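> mind looking at a prediction? Sequence and model below.
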Amino acid sequence: MHVAIAGNIGSGKTTLTRLLAKHYKWQAHFEEVDDNPYLDDFYNSMERWSFNLQIYFLNSRFRQILDIREKGKSVIQDRTIYEDANIFAPNLHAMGLMTNRDFENYKSLFNLMESVTKGPDLLIYLRSSIPNLVSQIHKRGRDYENSISIDYLSRLNERYEAWIHGYDKGNLIILDVDKLDFVANQEHLGEIIEKIDAELHGLF
């Protein structure tokens, strides 16, 4: 069983991953943030470091997928390889922060990786408004995220919505996290678990 959580920066992916991993006793695969050697540099100079950062994430996510397939355990993954390729890299390219040459190179590598992988059994998308994202980003207080602009978050949100609208890799649950507090409210977490149970039972 491979479940993945998708969503913009600050939408609550890591927190929900932890809570669901604990509830279902799934193995959790987290996004490499603390050990990422490019994040600080990227937020200080996006144009210089965008390609390096995206390649790092692509490599990390692909390794996760291979690890998931090899071990054959039930896993929940914080962010997917598809978000890198359909949202973050194209957004950087569209903003002029990744050159055409680097973007074509990136897409070619992703297409090769995608040809030997398959999507998660269930994708959970955390839909969030910009004010909610900004609030959550400020709350967690990561220094390198202080420079993230509202325009950047808005562009990402638009791409997330377009990607989810055409998502066809497997089962999908969309959660409006503006109306959910799955950390403080056990009922809200229970509602999410009920939706997941309904989807998972439909898989067999």
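Happy to help now that I have it. Numbering: from 1, shown residues only.
> what sits against the most centrally placed residue in the chain?
Centroid-nearest residue in the chain: Arg79, 2.6 Å away (criterion: Cα atoms, centre = their mean). Counting by Cβ atoms under 8 Å, 6 or more residues apart in numbering, Arg79 touches Ala4, Ile5, Ala6, Gly7, Lys13, Glu31, Arg61. Quick note: C-beta positions are derived from backbone N, CA and C, even for glycine.
> for the protein, give me the ranges with low pLDDT.
32-34, 141, 143-147, 202-204 (pLDDT under 70).
> longest helix of it?
The longest helix of the chain (DSSP state H) is helix 46-71.
> in its sheet, what does the helix or strand following that one sit against?
Following helix 46-71 in sequence order, the next helix or strand is strand 75-78 (DSSP states H and E). Here strand 75-78 has these sheet partners by DSSP bridges: strand 2-7 (parallel), strand 27-29 (parallel).
> the first one: how far from the chain's middle?
Taking the mean of its C-alpha atoms, strand 2-7 sits 7 Å from the chain's own mean (Cα atoms, centre = their mean, to the nearest Å).
> what sits up against it?
By Cβ under 8 Å, 6+ apart, strand 2-7 touches 13, 16-17, 20, 26, 68, 74-80, 82-83, 120-128, 160, 164, 177, 196.
> filter those residues down to just the ones in strands.
Among the contacts of strand 2-7, the members falling in strands (DSSP state E) are Val75, Ile76, Gln77, Asp78, Leu122, Leu123, Ile124, Tyr125, Leu126, Arg127.
> for this structure, just list every one of the helices.
With DSSP H as the criterion, the chain has helices spanning 13-24, 39-44, 46-71, 81-83, 89-94, 100-114, 130-140, 150-165, 186-201.
> so what secondary structure elements neighbour the last one?
What it means is helix 186-201. Counting contacts by 3 or more Cβ pairs under 8 Å, 6 or more residues apart in numbering; DSSP states H and E, helix 186-201 packs against helix 13-24, strand 122-127, strand 171-176.
> and among these, the most buried is which?
strand 122-127 (a mean of 22; mean count of other Cβ atoms under 10 Å).
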